[in-house]
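Trainee: Structure for this input, please:
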Amino acid sequence: MTERTLAGRIAERFREVNGDHPMTAADDAYVTAQFVPLEELCAALGRDADGARRLMLEGLLPLPGYLRSDGAEMVPRDLFSLTGAAGGSERLRAWFTGHWEDRARGEAEWVAYLSGRYVCLHTVTPAHIRRKDELTAEIAELLAGVSGGPT
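Mentor: This next block holds a predicted model:
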């Protein structure tokens, strides 16, 4: 498989999972400031970009968070950190889902992680995902109290 074919498959998979989101120049500027192209990250780390794409397609590494308008696959700078913490890509799923007592919840978070949608977190870890959920629930509870209170 050529790089172009793999990159094309990643773009197709991204759109299947996340929908089509055409990027404006402002979007591209924001994404470029916050994320790094997969090719650039792999080159800096001595990794094979096609190997990373294969892991993404196999569901062993998250999809890019964004596809820039020029087609660049934009990923977090720490894309490979959880793989390292888990002891390898083949162990990542069990390690990741093991951070939730409720296995179904862990699996649901795994699917969300693989989608690349956790772009709101600067560092995507199970602990940060859980904390985000706690804070979101607290905010929702506070807002419900405000809207449900006396007028």
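Trainee: Need the contact partners of the lowest-mean-pLDDT helix or strand in the chain.
Mentor: Lowest by mean pLDDT, DSSP states H and E among the helices and strands of the chain is helix 126-148, with a mean of 88. When contacts are defined by CB atoms under 8 Å, 6 or more residues apart in numbering, helix 126-148 is touched by residues 96, 99, 100, 109, 112, 113, 118, 120, 121. To be clear about C-beta, it is placed using only N, CA and C from the backbone, and glycine gets the same treatment.
Trainee: Would you mark the buried spots in that helix?
Mentor: Across helix 126-148, burial judged by 16 or more other CB atoms under 10 Å covers 126, 129.
Trainee: starting at the chain centroid, how far to that helix?
Mentor: Distance of helix 126-148 from the chain centroid (CA atoms, centre = their mean, to the nearest Å) equals 21 Å.
Trainee: Can I get it in PDB? Just the C-alpha atoms.
Mentor: In PDB, the C-alpha atoms belonging to helix 126-148 read as follows (Å, rounded to 0.1, in the frame of the first residue of the first chain):
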ATOM      1  CA  PRO A 126      -8.100   8.000  30.800                       C
ATOM      2  CA  ALA A 127      -7.700  10.200  33.900                       C
ATOM      3  CA  HIS A 128      -8.200  13.400  32.000                       C
ATOM      4  CA  ILE A 129     -11.300  11.900  30.200                       C
ATOM      5  CA  ARG A 130     -12.800  10.900  33.500                       C
ATOM      6  CA  ARG A 131     -12.100  14.300  35.000                       C
ATOM      7  CA  LYS A 132     -13.700  16.000  32.000                       C
ATOM      8  CA  ASP A 133     -16.800  13.900  32.500                       C
ATOM      9  CA  GLU A 134     -16.900  14.800  36.300                       C
ATOM     10  CA  LEU A 135     -16.600  18.500  35.500                       C
ATOM     11  CA  THR A 136     -19.200  18.400  32.800                       C
ATOM     12  CA  ALA A 137     -21.600  16.600  35.100                       C
ATOM     13  CA  GLU A 138     -21.000  19.200  37.800                       C
ATOM     14  CA  ILE A 139     -21.600  22.000  35.400                       C
ATOM     15  CA  ALA A 140     -24.800  20.400  34.100                       C
ATOM     16  CA  GLU A 141     -26.000  19.900  37.700                       C
ATOM     17  CA  LEU A 142     -25.300  23.600  38.500                       C
ATOM     18  CA  LEU A 143     -27.100  24.800  35.400                       C
ATOM     19  CA  ALA A 144     -30.100  22.600  36.200                       C
ATOM     20  CA  GLY A 145     -30.200  24.200  39.600                       C
ATOM     21  CA  VAL A 146     -30.100  27.600  38.100                       C
ATOM     22  CA  SER A 147     -32.800  26.900  35.400                       C
ATOM     23  CA  GLY A 148     -34.900  24.900  37.800                       C
END
